[in-house]
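> A structural model of the following input is requested.
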Amino acid sequence: MRRLWLVALILVAIVATSCAAQPAAPPAAIAAGQGQPAAASGTIQITGAGGTFPDPLYSRWFHDYAAIDPSVQFNYQAIGSGAGIQQITAKTVDFGGSDAILTADQQSAAPGLLMVPTVAGAVVIAYNVQDANGQDIPSGLKLTPAVIAGIYLGKITQWNDPQIAALNPSVRLPDHGIVVAHRSDGSGTTFIFTSYLSQISADWKSQVGASTSVSWPVGLGGKGNAGVAGIIKQQPDGIGYIELAYAMQNKIPYAVLQNQAGKFVEATVASTTAASNALAADMPANMGQLLVNAPGDDSYPIAGYTFLLIYQDSKDCAKAQKIAEFVRWAMNQGDQDATDLYYAPLGAAAKKAVLDRLQTLTCQGKPVLSK
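Numbers count the residues shown, from 1 in each chain. Predicted coordinates for the structure are as follows:
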């Protein structure tokens, strides 16, 4: 009997030790059924969907804003501007994200939907090519509007084409075919890029045009900015258009482009801001403005605003207020995050226009924000 009692004590000790060695799962993980913390009870969940262009910045902003207002949790799906417009039009999300300006048909399908610019960004022509000596060509390859249009029209097909070689006499360009990459999904980045091509190339305008989705004359398609960046990195001799942040994050070289003034300009926050400032006086009432091919020596030529798509009048007052408060915070406190990630904050005039627009938002006819 004494022996059985000792065995029982030993077994109890072993079980206790084993349990102590395993850390207890936090209550939030148990509630969520996984390792990620669950949203706090009573948290307002706000969902959005849209362009991949601003995704790096929105992710940072939502993370930082959680410390400012823990009562709200934002969830943004970077699925492309075209899909984002569809979802906010169908009201299956609380806000949309688009780098494309809404068309008349899209506005008719979603009465009261507003375009609110948050930042401007640059679209770069990124590449992955080695020179004739087998060395990677770094950022700085010069390209003109005619060359960019020629590549995407399928008229310039070799890296050592005389037009590219004449612009870059110090680079021994290889006798390799150019592998062109473009977006396969409906994309605001595509809208910006094809709007640029339509302005600088009559052939492109008449044959292809500007839209979130076009019939590409040549190239391989990738989903999202990340998909195009992946093609460029994986395909020797690849070239494609991606948002500047994706090129920087993936360490992909990109070209210096000739602008409207004839100057070769690198894509930077400063040159994107210069493009925005050059056109600030022409901002339309609906705030849907293109920044491509902007005048001025310092203007980067392929730039655009990215927009939040929100309704003028909402049905859910709590969500409407939280969205408006977040945008107000981003206008007042979000510039450092933007510049850290290579986006250009709005200028003073554009910010004032956004803040004034927020004051017009209503929920069931009543103002969302207090003065």
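> drop to CA atoms for contacts and neighbour counts, all remaining ones
Will do.
> hey, where'd the helices end up in the stretch 101-250 of the chain?
Along the stretch 101-250 of the chain, the segments classed as helices by DSSP state H, counting those that start in this stretch run 104-109, 145-152, 162-167, 188-200, 202-207, 224-234, 244-249.
> Flag the shaky bits of this protein, pLDDT-wise.
Filtered on pLDDT under 70, the chain yields the residue ranges 1-42, 371.
> returning to what we had before: the helices of the stretch 101-250 of the chain: which one's closest to Pro295?
helix 188-200 (12.6 Å; Cα to Cα).
> ok, back up a step: I'd like the helices of the stretch 101-250 of the chain as a markdown table, with distance to Gly80 and mean neighbour count appended.
Shown next, in a markdown table, are these (distance: least, Cα to Cα, whole Å; neighbours: other Cα atoms under 10 Å):
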| stretch | distance to Gly80 | mean neighbour count |
| --- | --- | --- |
| helix 104-109 | 16 | 12 |
| helix 145-152 | 21 | 18 |
| helix 162-167 | 32 | 15 |
| helix 188-200 | 7 | 25 |
| helix 202-207 | 23 | 14 |
| helix 224-234 | 6 | 22 |
| helix 244-249 | 15 | 20 |
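> Name the residue closest to the centre of this structure, please.
Closest to where the C-alpha atoms of the chain average out (Cα atoms, centre = their mean) is Phe53, at 1.4 Å.
> Pretty sure that residue sits in a helix.
No: under DSSP: H, G, I helix; E, B strand; the rest coil, Phe53 falls outside any helix and is assigned coil.
> Spatially, what comes nearest to it if we skip its sequence neighbours?
The spatial neighbour of Phe53 that comes closest, neighbours along the chain excluded (Cα to Cα, 6 or more residues apart in numbering), is Glu243 at 6.0 Å.
> what residues are up against the one you found?
Residues near Glu243 by Cα atoms under 8 Å, 6 or more residues apart in numbering: 53, 121-124, 189, 225.
> try 7 Å
53, 122-124, 225 (Cα atoms under 7 Å, 6 or more residues apart in numbering).
> just Ala324 next, same as before
Ala324 neighbours (Cα under 7 Å, 6+ apart): Leu358.
> The residue nearest to the centre of the chain and Ala281, how far apart?
Distance, Phe53 to Ala281, by Cα to Cα, to the nearest Å: 25 Å.
> same thing with Gly221?
For Gly221, the distance to Ala281 (Cα to Cα) stands at 37 Å.
> Mind checking which of those two has more residues around it?
Gly221 (17 against 10; other Cα atoms under 10 Å).
> thought the more buried one was touching His182?
Yes: using Cα atoms under 7 Å, Gly221 is in contact with His182, at 5.0 Å.
> Mind exporting the C-alpha coordinates of stretch 280-293 to PDB?
Only the C-alpha atoms of stretch 280-293 are listed here, as PDB (Å, rounded to 0.1, in the frame of the first residue of the first chain):
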ATOM      1  CA  ALA A 280      -1.800  71.700 -57.600                       C
ATOM      2  CA  ALA A 281      -3.600  74.700 -59.000                       C
ATOM      3  CA  ASP A 282      -5.500  72.500 -61.400                       C
ATOM      4  CA  MET A 283      -7.000  70.100 -58.700                       C
ATOM      5  CA  PRO A 284     -10.600  69.400 -59.700                       C
ATOM      6  CA  ALA A 285     -13.500  69.600 -57.300                       C
ATOM      7  CA  ASN A 286     -13.800  65.800 -57.100                       C
ATOM      8  CA  MET A 287     -10.100  65.600 -56.300                       C
ATOM      9  CA  GLY A 288      -9.500  63.000 -59.100                       C
ATOM     10  CA  GLN A 289      -6.300  64.400 -60.600                       C
ATOM     11  CA  LEU A 290      -3.600  62.700 -62.800                       C
ATOM     12  CA  LEU A 291       0.000  63.600 -62.100                       C
ATOM     13  CA  VAL A 292       1.600  62.000 -65.200                       C
ATOM     14  CA  ASN A 293       3.900  64.000 -67.500                       C
END
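> Quick one: distance of it to the chain centre.
Mean-position distance between stretch 280-293 and its chain equals 19 Å (Cα atoms, centre = their mean, to the nearest Å).
> and what of stretch 254-265?
How far stretch 254-265 lies from its chain's middle: 22 Å, per Cα atoms, centre = their mean.
> now what about that stretch, what contacts it?
124-127, 139-145, 266, 293-301.
> Please pick the buried ones from those residues.
Buried by 16 or more other Cα atoms under 10 Å: 124-127, 139, 141-145, 266, 293-301, out of the contacts of stretch 254-265.
> Indicate which one of the helices of the stretch 101-250 of the chain is closest to Ala318.
Judging those by Cα to Cα, what sits closest to Ala318 is helix 104-109, at 24.8 Å.
> what residues are up against Ile46?
73-75, 94, 319.
> Now do it against Phe74, distance only.
From Ile46 to Phe74 the distance is 5 Å (Cα to Cα).
> thinking again about what came up before, ok, so what distance separates the residue nearest to the centre of the chain from Lys91?
22 Å.
> cool, Val256 as well?
41 Å.
> These two: which is more packed in?
Val256 (20 against 13).
> beta partners of that one?
Lys142 (DSSP bridges).
> Could you count how many residues lie near Asp340?
So Asp340, with other Cα under 10 Å, has 12 neighbours.
> So Cys317 sits against Thr362, correct?
No: in this structure Cys317 lies outside contact range of Thr362 using Cα under 7 Å: 8.3 Å.
> between those two, who's got more neighbours?
Thr362 (19 against 16).
> Backbone dihedrals for the nearest residue to Asp55 once chain neighbours are set aside, please?
Leaving aside its sequence neighbours, Asp55 sits nearest to Ala78 (Cα to Cα, 6+ apart; 6.2 Å). The phi/psi pair for Ala78 (degrees, to the nearest 10) reads phi -80, psi 90.
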